[in-house]
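Undergrad: Quick one, structure for this:
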Amino acid sequence: MRIYKPKAKTVDGKKRAYGRWYIDFADHNGQRRRIAAFESKDVSREFADRLQTLLNRLESGTAIEDSPHLLAWMNRLPDDTVKRLMQWGLIPKHRAQALRPLTEHIQDYIDALAAKGCCADYVKRMKTRILTVCNACGFTTFKNIHPAKLDRFLADLKARNYSATSRNHYADAIKGFLNWCVSSEGGHRFSGNPLADIGKERRDSAKKGVLTADQFITLVQTTIAQNVKRSNVEGRQRGILYLLAGTTGLRRLELLSLRWEDLHLDDPRPYVLARAAITKNAKEARLPLPDSAAAALRRFRDYRATTPQDYVFSFGGRWVNTSGWIKADLKAAGLPGRDREGNEIVFHSLRNSFISFLANTQTPMKVVQTLARHSDPRLTYNTYARTFAESEQEAIKGLPNFSGFCAATSAAKIYEQGQTNVNNDEDKTAILPPKTAFSSRYNIPPRGLEPLLPG
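TA: Predicted coordinates:
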């Protein structure tokens, strides 16, 4: 492999060197090739070294995809160079994917989401967010995607008073698209997500209130019994929605995307199968149902005369005012709109309540985290789980019991029976109580706080 600068004659007959360096080499089939490199000799030499590595892999039959550094180098090459190397068979044809306009890849991703069974509303939102980011940042091909551009876009959203949650939605959409592009599912059309290190902003949403178990039962029963229509939705439907939210921890859009075929109510151990297409983390989850909740859902299913493909909640849609409903239904049930810490109870409070119900029992932490579908237990216990007054009161029953102490051990009795003596060390008076369980005269074994009174 030789690096050189060709020379050409000018009109006056003199020789002039080319502005770019060239590389002369034999390819994996033994054919002589010549390709233009760069104006810098050092950059051209690096190009030649990478080209030699590529040839070595081809001759040994080693896949190019096994070398992230080699893939990253190919992604940085000029388009005309990539086309020439593909023409010679040095770069696989599928690497040409990187040369296509980004809009074509986005459409492939959107089609893949629809094929997976994602609801139309979700697919539409993903496409809108990805295109919004690309247009604002000037992303037209894989090569001009840069984290600094996304950072500027997110900063602009913040200046326009977009919430941290909304800003995270845009970042998650473009990152999810790029993760698909580099995955086997997306055909490895690009190597390495350049936005992978963009982290999530801390959400600035208010802390959600929680319902106690008694309040939750009252809300569900009263809403179903009164069956008041709100926004043309029966109380019976809303009550079942609350019931399913508070006994599975499913989020609002996950609940509204459920079909009857997802509810396995006649199984010996009833459960809800949350499909990957509808869950927030795009992972399938099997969520057990209490028998009482399964029985209520079976009655609701029979009342609705449904088919397996029907949505459980026929009013499903992104814009239904679930938080408005629960506020009105809490008031109708005679329940407070805030919890004991003063936090407002909204629809998402049902998920907080579900996690709190589990956390206030003897359920192992790992089980609670799994049912909450959280990747980090700190999120489960620091953000979602709350303690109930009843649980706190029950917990202190496990503290040592002082009821067996003699009345003489009370502070008032000790003071009453005390006598004044002179402290020879400091020449001050001191109140010395009579000898009791705490007197040094008695040897108290280290067994806890048992009432050890003199015989």
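Undergrad: Using the record's assignment, carve the protein into domains.
TA: 2-99, 102-182, 213-394, 400-455 (automatic domain parsing).
Undergrad: will you turn the ones you listed into CSV that also has mean neighbour count?
TA: For the C-beta atoms, the positions are set from N, CA and C on the backbone; glycine is no exception. Below are these laid out as CSV (neighbours: other Cβ atoms under 10 Å):
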stretch, mean neighbour count
domain 2-99, 14
domain 102-182, 17
domain 213-394, 17
domain 400-455, 10
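Undergrad: what about R57, distance to I23?
TA: Applying Cβ to Cβ, to the nearest Å, the value for R57 to I23 is 17 Å.
Undergrad: Between the domains of the chain, which one is closest to G199.
TA: Of all these, domain 102-182 sits nearest to G199, with 8.7 Å by Cβ to Cβ.
Undergrad: Now do stretch 297-309: everything it contacts.
TA: 236, 240, 243-244, 259-261, 263, 265-266, 289, 310, 312, 314 (Cβ atoms under 8 Å, 6 or more residues apart in numbering).
Undergrad: doesn't G192 fall inside a helix?
TA: No - under DSSP: H, G, I helix; E, B strand; the rest coil, G192 falls outside any helix and is assigned coil.
Undergrad: Am I right that it is in contact with V182?
TA: Yes - with contact defined as Cβ atoms under 8 Å, G192 counts as touching V182 (6.3 Å).
Undergrad: I figured K9 hits K15, correct?
TA: Yes - the pair K9 / K15 is scored as a contact, 5.9 Å apart, by Cβ under 8 Å.
Undergrad: end to end, how far does stretch 313-325 reach?
TA: 14 Å (Cα to Cα, to the nearest Å).
Undergrad: which ones are touching Y109?
TA: Neighbouring residues of Y109 by Cβ under 8 Å, 6+ apart: M126, I130, F177, W180, C181, G186.
Undergrad: all strands of the stretch 251-400 of the chain, in order?
TA: 263-264, 271-274, 285-288 (DSSP state E, counting those that start in this stretch).
Undergrad: Distance to N382 and mean pLDDT for the ones you listed - can I get that in a markdown table?
TA: Formatted as a markdown table, these follow (distance: least, Cβ to Cβ, whole Å; pLDDT from 0 to 100):
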| stretch | distance to N382 | mean pLDDT |
| --- | --- | --- |
| strand 263-264 | 32 | 95 |
| strand 271-274 | 24 | 95 |
| strand 285-288 | 22 | 94 |
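Undergrad: for those, which one sits closest to T53?
TA: strand 285-288 (43.7 Å).
Undergrad: what's next to that closest one, contact-wise?
TA: For strand 285-288, the external contacting residues (Cβ under 8 Å, 6+ apart) are T248, G249, L250, R269, P270, Y271, V272, L273, A274, T279, L371, R373.
Undergrad: and if you look at stretch 39-55?
TA: By Cβ under 8 Å, 6+ apart, stretch 39-55 touches 1, 3, 19-21, 23, 25, 27-28, 37-38, 64, 67, 70, 73, 90-91.
Undergrad: average model confidence for that stretch?
TA: The predicted model assigns stretch 39-55 a mean pLDDT of 88.
Undergrad: again, but for stretch 330-337
TA: Mean per-residue pLDDT for stretch 330-337: 96.
Undergrad: helix/strand/coil for I35?
TA: Applying three-state DSSP: I35 is strand.
Undergrad: where in the stretch 301-450 of the chain is pLDDT low?
TA: 316-318, 402-450 (pLDDT under 70).
Undergrad: What strand or helix carries L54?
TA: According to DSSP states H and E, L54 maps onto helix 41-60.
Undergrad: CA atoms only: put that helix into CSV for me.
TA: Coordinates of each C-alpha in helix 41-60 appear next as CSV, following Å, rounded to 0.1, in the frame of the first residue of the first chain:
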residue,chain,number,x,y,z
LYS,A,41,-0.7,13.5,4.7
ASP,A,42,-1.3,12.4,8.3
VAL,A,43,-5.0,12.0,7.8
SER,A,44,-4.3,10.1,4.5
ARG,A,45,-1.9,7.8,6.3
GLU,A,46,-4.6,7.1,8.9
PHE,A,47,-7.0,6.4,6.1
ALA,A,48,-4.5,3.9,4.6
ASP,A,49,-4.1,2.1,8.0
ARG,A,50,-7.8,1.7,8.3
LEU,A,51,-8.1,0.5,4.8
GLN,A,52,-5.4,-2.1,5.5
THR,A,53,-7.3,-3.2,8.5
LEU,A,54,-10.4,-3.5,6.4
LEU,A,55,-8.6,-5.6,3.8
ASN,A,56,-7.1,-7.9,6.5
ARG,A,57,-10.6,-8.6,7.9
LEU,A,58,-12.0,-9.3,4.4
GLU,A,59,-9.1,-11.8,3.7
SER,A,60,-9.6,-13.5,7.1
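Undergrad: Noted, bye for now.
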